[in-house]
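S.K.: Here is the input, now give the coordinates:
(2 chains)
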2 protein chains.
Amino acid sequence: MTQLSDEATKALTVAEALKLAAEQPETLRQRFAVMHESELADLLLDCRDDEQRSQLVPYIDEKRLGDVLLELPEGRQEELLARLNPKAIEEIVEHMDSDDAADLLQAVEKPVADVIIDRLEPEERRDLSQLLAHDEESAGGLMQAELFKVRDDWTVDTVLKVLRRWGREIENLNYIYVVDDDDRLTGVLPLHKLLLSEPDQRMSEIQEADFPRVLAGQDQEEVAKIFDRYDVLALPVVDEQGVLVGRITADDVIDVIHEEATEDMYRLAALSDEDDLSEPVLTTARRRGVWLLVNLGTAILASIVIAQFEQTIARIVALAVLMPIVASMGGIAGTQTLTVIVRGIALGRVTLANARRALVKEVMVGLVSGLLFACIMGFVATIWFPEVGIRLGFVIGAAMMINLFAAGLAGAVIPLTLQRLNIDPALASGTVLTTVTDVVGFLSFLGLASVFLL
Amino acid sequence: MTQLSDEATKALTVAEALKLAAEQPETLRQRFAVMHESELADLLLDCRDDEQRSQLVPYIDEKRLGDVLLELPEGRQEELLARLNPKAIEEIVEHMDSDDAADLLQAVEKPVADVIIDRLEPEERRDLSQLLAHDEESAGGLMQAELFKVRDDWTVDTVLKVLRRWGREIENLNYIYVVDDDDRLTGVLPLHKLLLSEPDQRMSEIQEADFPRVLAGQDQEEVAKIFDRYDVLALPVVDEQGVLVGRITADDVIDVIHEEATEDMYRLAALSDEDDLSEPVLTTARRRGVWLLVNLGTAILASIVIAQFEQTIARIVALAVLMPIVASMGGIAGTQTLTVIVRGIALGRVTLANARRALVKEVMVGLVSGLLFACIMGFVATIWFPEVGIRLGFVIGAAMMINLFAAGLAGAVIPLTLQRLNIDPALASGTVLTTVTDVVGFLSFLGLASVFLL
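M.R.: From the prediction side, this is the model:
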């Protein structure tokens, strides 16, 4: 079973591989030959740096090297490809499907990529140039040119003959794409339905004319939603004129879904999309530093609010002890709302049509929790600082209500507004949100305290 | 094009649907008939409550109602099914694929589900009971029983004949599963390869014997990883003896991937997995309240730390102004590390083998950012509070270093430890992490201040 061979090969560590490379290169080549592309990629990722990685790369079969490289994060792809000469890259590209080849060439410097494309066979060159013309994150950037296409006036018998002749070259041939004289998509036929039809039936009679399709310019996130909605294993891609230009298979979409989820999580956590475990410490520190600097700015903003109440705090130090609680509860409640809304938008559950209802609900939840935690915290504060007494309880309770209300409101309004403005709703939402809950928390608590406790 | 008909039907709002139900029920039935299952589900979700929803349900074709219900969150499924009688549910179940029927019956109360299963045809009953015996989150819970299975000694010609006879009943028939006399899986044959073979070739000669497979007991997250790794559109499921029991298609896995990503995001944000936009305000407030209460506990813990330094704060109020900055920076930096590690574990990028390297890297990043932000914040504090002077700068700088180091360490250690203990690394990680960064932040800053500034 595949799982078992998996386990067996996992034994090869980076240290062992490097040792084999130095002492028994042929053995290493054989070990690599029985490993899966993704296992080879894992091994490369485990290397200390790109220097080590490029020592192992020559022992991977060039027919598979492209697929191995594609499993790596973009930063690593670029580094490793930069160490190969154009001839070597050309040989890698020749063994790949057009969509994968296009993805790989995105990681190569433009002039080098152009040299490589020029050297390819005319047909491959045309396919690749077309694919590279599309935005990497669009249906066009995701699709592959290889597919099985037939004319709508062909009979089942003809199609079977053509399939026997050309079908060998196409992987995952599950759907037959039917086009008219102008190459416009007229319908799709699942392969097994071909087998169930009579030899003299024409494609135009048996095709599924309403099979879903996507436009080459559509965003990959939308493509993923259409896959999810129609439960299909592949989708045809057409241009503005309805001409069939490629197909996207479900396995490509699985990558997109992983990617988009990672992107949202990273953005909510103030991380750059490119942040990666395999990159050097200083690169990561620099990427994250930018966001930490933004957070420092907003944290200082909150501190300026506190500074306005220095006199009040000097007289009632209990306020300094309690104020982080108000801010923290607002931050958590706001993050809960923010996450539900951001995820809801990503999965298509929150739309312009129901956004208002979602907003109202989140504000209501904020009010209910505000009321609850106002009571709890009012009680705790009153017995914790008896020298200030029940008035302190009322002040912190009121501040808690105000801040949890603000948290629900901001947690919903920030991503919905960004979405309206066509900005990714996850981007910087978290930072803006905690700024709001910190400022509102400190301001309401210390402000009310100044009025009622002094 | 499908997209266009999509737009056209979106016009139907809940209010309009309810109006049609009361005045022109037949029109509503027709409108529903041209809408996609997921559009109907969206409409039901937009309803104010389950009462409204159950007013619309009767106008959905019973053949499609099951698939519509499956698009709803579990809470909604349960509520709506509870309002139907067993006979009605039975009719819904009869029109569904076995995997979907099993999922739906999970949402029905056990005694009712048993009644329904007993009434089904013998074969359906057997399939369903088998599927229901598996854990909902395992390969067995995900698979469907419908598949196209042939004997390894059959010829291509025989298989084609059988396929023409029985193939009509199976959707997404892309792979042929080959078994031996004891029903053990011997290999898989992509459908198009059948067409490319000679009529007298036997399955045992042309099957792919090393095609990946999963065990019925394997976790769905692992199944998703295998799909991702092998780029296939369907996987066979076998039991401990290697007997073929079902298959999982890529579209089912897409749901799993969405689900698992949502789960991780929700857990990182202190949300229950069941939190849902469509549930009532009080239910949501209760779910979130539990996590807010946990956070209140940890926030009070941090405040108890502050309370130990009341004397110090009373004498240097600047400390109260600056202390949230130290805590906030630690929280953000720790969340960055936590998110990278949790996501890395989910995607299989962080494993036991490279966990130590990831940990070392994150701690190093913490040290580098600590050094950088110690300098920045030391400078800012010195000029902001000249009356305390450069010693304040050194104290906040040192506290910042300590806290960003602790953030990197805790952000990596917490999820890795949970993973080791076989607990979901995302669960409660965020709450534990901010407790650490708050406590360490306040303790180091106020502690150092007490020693060096008084």
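S.K.: Give me the spatial nearest neighbour of A:Leu56, chain neighbours excluded.
M.R.: Leaving out its chain neighbours, the residue that sits closest to A:Leu56 by C-beta to C-beta, 6 or more residues apart in numbering or on different chains is A:Ala17, at 5.7 Å. (Glycine included, C-beta is placed from N, CA and C.)
S.K.: Could you do A:Asp231 as well?
M.R.: B:Asp251 (4.1 Å).
S.K.: how much space between A:Leu142 and B:Gly447?
M.R.: 54 Å (C-beta to C-beta, to the nearest Å).
S.K.: Looking at these two, which one has more neighbours?
M.R.: Taking other C-beta atoms under 10 Å in any protein chain shown, A:Leu142 and B:Gly447 do not tie; A:Leu142 has more neighbours (30 against 17).
S.K.: Run through the residues that contact that one.
M.R.: By C-beta atoms under 8 Å, 6 or more residues apart in numbering or on different chains, A:Leu142 lies in contact with A:Asp99, A:Gln220, A:Val223, A:Ile248, A:Asp252, A:Val253, A:Val256.
S.K.: tell me, which of those make contact with chain B?
M.R.: A:Val253 (C-beta under 8 Å from any C-beta of the partner chain).
S.K.: Go through the contacts of A:Leu142 and flag which are in strands.
M.R.: Judged by DSSP state E, strands contain the following of the contacts of A:Leu142: A:Ile248.
S.K.: okay, the contacts of A:Leu142 in a markdown table with neighbour count and pLDDT next?
M.R.: As requested, these are exported to a markdown table (neighbours: other C-beta atoms under 10 Å in any protein chain shown; pLDDT from 0 to 100):
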| residue | neighbour count | pLDDT |
| --- | --- | --- |
| A:Asp99 | 23 | 85 |
| A:Gln220 | 24 | 91 |
| A:Val223 | 23 | 92 |
| A:Ile248 | 25 | 94 |
| A:Asp252 | 22 | 86 |
| A:Val253 | 26 | 89 |
| A:Val256 | 19 | 89 |
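S.K.: Which member of the contacts of A:Leu142 is positioned nearest A:Ser38?
M.R.: The closest of those to A:Ser38 turns out to be A:Asp252 (C-beta to C-beta; 15.2 Å).
S.K.: ok, the closest one - contacts?
M.R.: So A:Asp252 contacts A:Asp99, A:Leu142, A:Gln144 (C-beta under 8 Å, 6+ apart).
S.K.: Could you find the closest non-adjacent residue to the first one?
M.R.: The shortest distance from A:Asp99 to any non-neighbouring residue, by C-beta to C-beta, 6+ apart, is to A:Gln144 (3.6 Å).
S.K.: State the number of residues packed around the one you found.
M.R.: By other C-beta under 10 Å, neighbour count at A:Gln144 equals 24.
S.K.: ok so, going back, list the ones among the contacts of A:Asp252 that fall in helices.
M.R.: Residues of the contacts of A:Asp252 located in helices (DSSP state H): A:Asp99, A:Leu142.
S.K.: what's the closest of the contacts of A:Asp252 to B:Ala302?
M.R.: A:Leu142 (46.6 Å).
S.K.: In chain A, which residue sits furthest out from the middle?
M.R.: Centroid-distance maximum for chain A: A:Glu387 at 53.2 Å, with C-alpha atoms, centre = their mean.
S.K.: Not including adjacent chain positions, what is the nearest residue to the one residue sitting closest to the centre of chain A?
M.R.: Per C-alpha atoms, centre = their mean, the C-alpha nearest to the average position across chain A is that of A:Glu260, at 2.0 Å. Spatial nearest neighbour of A:Glu260, chain neighbours left out: A:Glu221 (5.5 Å); criterion: C-beta to C-beta, 6+ apart.
S.K.: mind checking how far that neighbour is from A:His258?
M.R.: From A:Glu221 to A:His258 the distance is 12 Å (C-beta to C-beta).
S.K.: same question, A:Val237
M.R.: With C-beta to C-beta as the criterion, A:Val237 and A:His258 are 21 Å apart.
S.K.: who has more neighbours, the two?
M.R.: The neighbour count for A:Val237 versus A:His258, taken as other C-beta under 10 Å, is higher for A:Val237 (27 against 18).
S.K.: surely the more buried one meets A:Ala216?
M.R.: Yes. Here A:Val237 reaches A:Ala216: they are 5.4 Å apart, a contact under C-beta atoms under 8 Å.
S.K.: Quick check: neighbours shared by those two?
M.R.: A:Ala139, A:Gly140, A:Met143, A:Val245, A:Gly246.
S.K.: Take those residues and keep only those in strands.
M.R.: Using DSSP E, the shared contacts of A:Val237 and A:Ala216 in strands are A:Val245, A:Gly246.
S.K.: Please tabulate the shared contacts of A:Val237 and A:Ala216 in CSV and include pLDDT and neighbour count as additional columns.
M.R.: Converted to CSV, the shared contacts of A:Val237 and A:Ala216 look like this (pLDDT from 0 to 100; neighbours: other C-beta atoms under 10 Å in any protein chain shown):
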residue, pLDDT, neighbour count
A:Ala139, 94, 27
A:Gly140, 92, 25
A:Met143, 93, 28
A:Val245, 94, 21
A:Gly246, 94, 26
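S.K.: for the shared contacts of A:Val237 and A:Ala216, which one is nearest A:Arg31?
M.R.: When these are compared against A:Arg31 (criterion: C-beta to C-beta), the nearest one is A:Met143, at 35.0 Å.
S.K.: which residues touch that closest one?
M.R.: By C-beta under 8 Å, 6+ apart, the neighbours of A:Met143 are A:Asp99, A:Leu131, A:His134, A:Ala216, A:Val237, A:Val245, A:Gly246, A:Arg247, A:Ile248.
S.K.: Who is the fifth one paired with across the strands?
M.R.: When bridges are assigned using DSSP bridges, the partners listed for A:Val237 are A:Val214, A:Gly246.
S.K.: Which pLDDT value belongs to it?
M.R.: Residue-level confidence at A:Val237 comes out at 96, pLDDT.
S.K.: sec struct for A:Glu136, please.
M.R.: Here A:Glu136 is coil, with the state taken from DSSP: H, G, I helix; E, B strand; the rest coil.
S.K.: Next one: the closest residue to it other than its chain neighbours, what pLDDT does it get?
M.R.: In space, and not counting its chain neighbours, A:Glu136 is closest to A:Gln106: 5.9 Å by C-beta to C-beta, 6+ apart. The model reports A:Gln106 with a pLDDT of 83.
S.K.: mind checking how far A:Gln106 is from A:Asp135?
M.R.: 11 Å.
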